[in-house]
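S.K.: Model the structure of this input:
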Amino acid sequence: MIQNTSPILETINSPGDLRQLERKRLPQLADELRAFMIDSVSKTGGHLSSNLGAVELTIALHYVFNTPDDKLVWDVGHQTYSHKILTGRREAMKTLRMEGGLSGFPKRSESEFDAFGTGHSSTSISAALGMAVAARLAGNDKRAVAIIGDGAMTGGMAFEALNSAGTLDANLLVVLNDNDMSISTPVGALNNYLAKLMSGRFYAAMRRGSEKVLKGMPPVLEFAKRAEEHVKGMVTPGTLFEELGFNYIGPIDGHDLDTLVTTLQNIRELEGPQFLHIVTQKGKGYAHAEEDCVLYHGVGRFDPLCGIVAKPPAKKTYTHIFGDWLCDMAAADDKLVGITPAMCEGSGMVEFAQKFPQRYFDVGIAEQHALTFAAGLACDGYKPVVAIYSTFLQRAYDQLIHDIAIQNLPVMLAIDRGGLVGADGATHAGSFDLSFLRCIPNMTVMTPADENECRQMLTTAYRLNTPTAVRYPRGTGTGVAVAAELKSLPVGKGEVRRQGKQVAMLAFGSMLAPVLDAAEQLDATVANMRFVKPLDEELVLQLAREHSLLVTVEENVIQGGAGSAVAECLAQHGIAVRVLHLGLPDHFIEQGEHKQLLADCGLDAAGLLKSITQFGRI
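M.R.: Now for the predicted structure:
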């Protein structure tokens, strides 16, 4: 018998095409999909390890569920490349994470198959539960599936959703994609068989029927429940999810397509909340990624044959500056503790974690907990430094106000990725932090213009006995040499970097470099403001008296940002001077090259020059 080995992937333009395939051909499709993904991501960059681990799961979900009527909600969404490829976006993968191209995350405006836009973790179960309840209210049989990783399960919101789902009795399936543990003995033939059995209609009917029969005999019913829990407990870790009201199934091998499809087909016919636990391997099918899944979590362009060839950076990034400072300050002060919500590598804390393991705390994807945990440490004499991305700090705003600022506790925020972030797009941009930080009483907010100033500001913030924030951008600065000393800056004081005429440009943080370039052509005065709060009001008033136009420039939304602080200062002192505020526009900035995105927003030297020239003619 001649076996059909003709290419499959190029014939799949929608899940409808996928569902027409013979089941025995699905493993071949998985191989082709994995090979295509490695080749594609090597040309564009992107998230690789997590996507390679989710290939079989994605195929099985679209094969069994009637998408897009049935809803797939992907947590975080950095494992959805297979999903994008199978839902008609294969050719568009060459534009992944580029301006005007495919987003690196699910996006409702991009495809009807993207049921929910994501980018931050631990939201999938809540969203899918809402869709499941909507289906019940509408009286239809549409199903909702939340696909969540073991890392995202550390987020409190996931457990809030689980707790709610267990009481609503909606037709929700939660798939836990567990790629933190190895495929050990329990995840083998016996466990796969038990998963198929426990997800089958016979088992479900028997379970419901026996409960009805035994309701009149409470002691026997209680004994039966305990016996079932005991048998399940011998082979599964699902007691917690059962207690929350879910029917727990698994763990099963997430790369075994036959078991996945059979189990999902069985679950598709069940009523009420279901929980499927699968085990996968990050980087599956690509040896380089299997060996170092962290390195291949988010990658730039690379040679798929040789893998990533590490190159020494030409300049240190702001993240590296922070990591070096953290180790130096920890050596100088044994009260320093470092906290991260699951971003050790991304926030530059690897060396600190190695050198000071007793003072390093990774709390998981739990930003709210991270800040209140820091507040508790601060109450008892420690000096917490919370390393956090700007976009993730948004998730802990109540804790920042209520648990830290109201109590005026010395918690320091090292805020990475302030401003635009390039290819990760709107979900990861730090567009709002200056606005939401400067309105909080007791906060000190600093924006370094270069690497050395960043180190000085980190030192300044740490030595203050109040809530502080140092906000720095992604990537490298201007290449300024960094002094080894731990030197502080005078609080609330900026500096004049260039003396000019008529126009004074007030630059905050990362905007100093393009402002200096534009000022040369305008013969404008340039102030490096340094502090957003407290603002250097003396310098602002001096510049207002000596110039006919003030221009504030920040890599933050204009509304409520640093420029607004300048306007408030002028109004409070009754100073009438023309002011032009330049910053990020009032819409979400999608993915693209950082340099080009700044130009699109008019925040490069040419854009600044154009805006000031046009404003001056009014």
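
S.K.: where does the stretch 151-300 of the chain dip in pLDDT?
M.R.: 180-237 (pLDDT under 70).

S.K.: could you redo the last one with a cut-off of 80?
M.R.: Within the stretch 151-300 of the chain, the ranges that satisfy pLDDT under 80 run 180-239.

S.K.: so where do the helices sit in it?
M.R.: Remark: helices assigned in the stretch 151-300 of the chain by DSSP state H, counting those that start in this stretch are 156-168, 189-198, 201-214, 218-235, 239-243, 257-268, 287-291.

S.K.: Which residues does the last one contact?
M.R.: Counting contacts by Cβ atoms under 8 Å, 6 or more residues apart in numbering, the residues outside helix 287-291 that touch it are Leu48, Ser49, Leu52, Gln281, Lys282, Gly283, Lys284, Leu295, Tyr296, Gly307, Ile308. The way it works is simple: take the backbone N, C-alpha and C, and place the C-beta from them, glycine included.

S.K.: now, the most widely separated pair of the residues you listed?
M.R.: Farthest apart among these by Cβ to Cβ are Gln281 and Ile308. That separation is 18.6 Å.

S.K.: count of residues packed around Gly46?
M.R.: 23 (other Cβ atoms under 10 Å).

S.K.: Got the phi and psi for it?
M.R.: With angles defined as degrees, to the nearest 10, Gly46 sits at phi 150, psi -170.

S.K.: Pro384 - that's part of a strand, no?
M.R.: Yes: residue state for Pro384 (DSSP: H, G, I helix; E, B strand; the rest coil) corresponds to a strand.

S.K.: number of nearby residues for it?
M.R.: Pro384 has 25 neighbouring residues, counting by other Cβ under 10 Å.

S.K.: Isn't it up against Met412?
M.R.: Yes: contact criterion Cβ atoms under 8 Å: Pro384 and Met412 qualify, at 6.9 Å.

S.K.: Strands along the stretch 451-600 of the chain, start to end?
M.R.: For the stretch 451-600 of the chain, the strands defined by DSSP state E, counting those that start in this stretch occupy 468-471, 495-498, 503-507, 525-528, 531-533, 549-557, 578-584.

S.K.: Output those strands as a markdown table; include the columns mean neighbour count and distance to Ala330.
M.R.: Formatted as a markdown table, those follow (neighbours: other Cβ atoms under 10 Å; distance: least, Cβ to Cβ, whole Å):
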| stretch | mean neighbour count | distance to Ala330 |
| --- | --- | --- |
| strand 468-471 | 28 | 16 |
| strand 495-498 | 15 | 29 |
| strand 503-507 | 27 | 31 |
| strand 525-528 | 24 | 29 |
| strand 531-533 | 24 | 25 |
| strand 549-557 | 26 | 29 |
| strand 578-584 | 20 | 34 |
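
S.K.: out of these, nearest to Thr58?
M.R.: Nearest of the strands of the stretch 451-600 of the chain to Thr58, taken as Cβ to Cβ: strand 578-584 at 34.6 Å.

S.K.: That closest one - which strands sit beside it in the sheet, and in what orientation?
M.R.: In the sheet, strand 578-584 lines up against strand 549-557 (parallel) (DSSP bridges).

S.K.: what about this structure, any weak spots by pLDDT?
M.R.: For the chain, the stretches with pLDDT under 80 are 1-5, 180-239, 308-314, 616-618.

S.K.: Residue nearest the middle of it, spatially speaking?
M.R.: His120 (4.1 Å; Cα atoms, centre = their mean).

S.K.: doesn't Phe392 make contact with that one?
M.R.: Yes: when contacts are counted by Cβ under 8 Å, His120 is listed as touching Phe392 (7.1 Å).

S.K.: mind listing the strands for the stretch 1-150 of the chain?
M.R.: 46-47, 71-74, 144-149.

S.K.: Now tabulate the ones you listed in TSV and tack on distance to Arg23.
M.R.: As requested, these are arranged in TSV below (distance: least, Cβ to Cβ, whole Å):
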stretch	distance to Arg23
strand 46-47	29
strand 71-74	20
strand 144-149	20
